[in-house]
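Participant: Next input, structure requested:
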Amino acid sequence: MRRRTLAAAFLLSGLLLSGPALAQSFPRRPVRLIVPFPAGGPTDVIGRLLAERLSARWGQPVIVDNRPGAGTVIGTHALVQAAPDGHTLAVAISALTVNPALRTDMPFDTLRDVAPVTRLANTHIALVANAQSGLTSLAQALDFARSTPGGLAYASPGIGTLTHMAGELLARLSGAPLVHVPYPGSGPALNDVLGGRVPLMFDVWHSIQPHVLAGTLRVLGTGSSTPVPGHPDLPRIAETFPGFEATSVFGLIAPGATPLELRQTIAAATAASLAEPAVAARLAALGMQPMVAGPDEYAAFIVADIARWRDAMR
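Facilitator: Predicted structure coming up:
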């Protein structure tokens, strides 16, 4: 009888430590931040920057855990299997909304098993060519793809990523045969484009900017209908194919059952970290624009963006 009473007491104490109580006591131990890509890529950069600032703010280590593969599915699957107590978080990219629109083999339900915490930032993407490839414009590259048996290859950080879908969208709008070559992350894909093994790649601006400025990569078109800050003369794909729009969105997510109050607490700390002048300057240098939105706003964006990509896939 005493054993059952103690067990009931422990269960009750666990239930009480939820919602506001859990938020007030957070964090009680080191926090794991899953990055669904290898070290060195754009998602890893923003993840490590955020981990550093949250560690200082919380007085607990925030440890980056790189889990690349399957277009972010491996990393996100590791997240949804964790305890919903805020001590496991993950950086999300646009693949969070592209994957459920594209794939039928997902090991989790994005809308049920993932709890939005906050948006982090937006960044431009662009289609680039190896400067030694001889491709100097979007029209020339598409004409070359049409005249080349088997089409023209483009690299991406993985199946279901925004940059993969940008290539598919361009292929559909242009009618040019573009062949997708997936990699386990932006870094390996970019290395092969720079090495001349793959001629084209869609990637986020901050990854390709140093190589564009160095003259080793050439921008054939940017993915947004608005210009890249500081580079208004870069051609935009939408100028040739109206309706083309692809902008990378970074966010922070938690396991599905994580209480709203706790997610709001984490979102507030994240927003304060991103507002620090040094962090804002670092993001701007990387071509990223802070775009903070709390759990409810981020959830609404996820629902709408899944619907948008489902329409595009149809």
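Participant: any idea where the helices of the stretch 1-150 of the chain begin and end?
Facilitator: Applying DSSP state H, counting those that start in this stretch to the stretch 1-150 of the chain gives helices spanning 2-16, 20-25, 42-58, 73-80, 95-102, 110-113, 138-147.
Participant: For stretch 171-179, list every residue counted as buried.
Facilitator: Across stretch 171-179, burial judged by 16 or more other CB atoms under 10 Å covers 171, 173, 174, 176, 178. Any C-beta I mention is one placed from the backbone N, CA and C, and that applies to glycine too.
Participant: what about it, average pLDDT?
Facilitator: Across stretch 171-179, the average pLDDT comes to 94.
Participant: what about that stretch, distance to the chain center?
Facilitator: The gap between where stretch 171-179 is centred and where its chain is centred comes out at 24 Å by CA atoms, centre = their mean, to the nearest Å.
Participant: cool, stretch 117-130 as well?
Facilitator: Its chain's average C-alpha position is 8 Å from that of stretch 117-130, according to CA atoms, centre = their mean.
Participant: Same question for stretch 78-92.
Facilitator: For stretch 78-92, the separation from the chain centroid amounts to 16 Å (computed by CA atoms, centre = their mean).
Participant: shift numbering so it begins at 36
Facilitator: OK, 36 is where the count begins now, so the last one is stretch 113-127.
Participant: Give the buried residues for it.
Facilitator: Within stretch 113-127, the residues that qualify as buried are 113-115, 117, 119-127, counting by 16+ other CB under 10 Å.
Participant: before we move on, back to that, farthest-apart pair in the buried residues of stretch 206-214, please.
Facilitator: Between any two of the buried residues of stretch 206-214, the greatest separation by CB to CB is 10.7 Å, found for 208 and 213.
Participant: which intervals of the chain have sub-threshold pLDDT?
Facilitator: 36-57, 348 (pLDDT under 70).
Participant: all strands for it, in order.
Facilitator: Ranges of strands in the chain, per DSSP state E, are 66-70, 97-101, 123-127, 149-165, 187-191, 213-217, 235-239, 252-257, 282-290, 323-328.
Participant: Out of those, which is closest to residue 268?
Facilitator: Shortest distance between residue 268 and the strands of the chain, using CB to CB, is found for strand 252-257: 9.8 Å.
Participant: Does anything pack onto that closest one? Which helices or strands?
Facilitator: With contacts taken as 3 or more CB pairs under 8 Å, 6 or more residues apart in numbering; DSSP states H and E, strand 252-257 sits against strand 149-165, helix 173-182, helix 240-249, helix 272-275.
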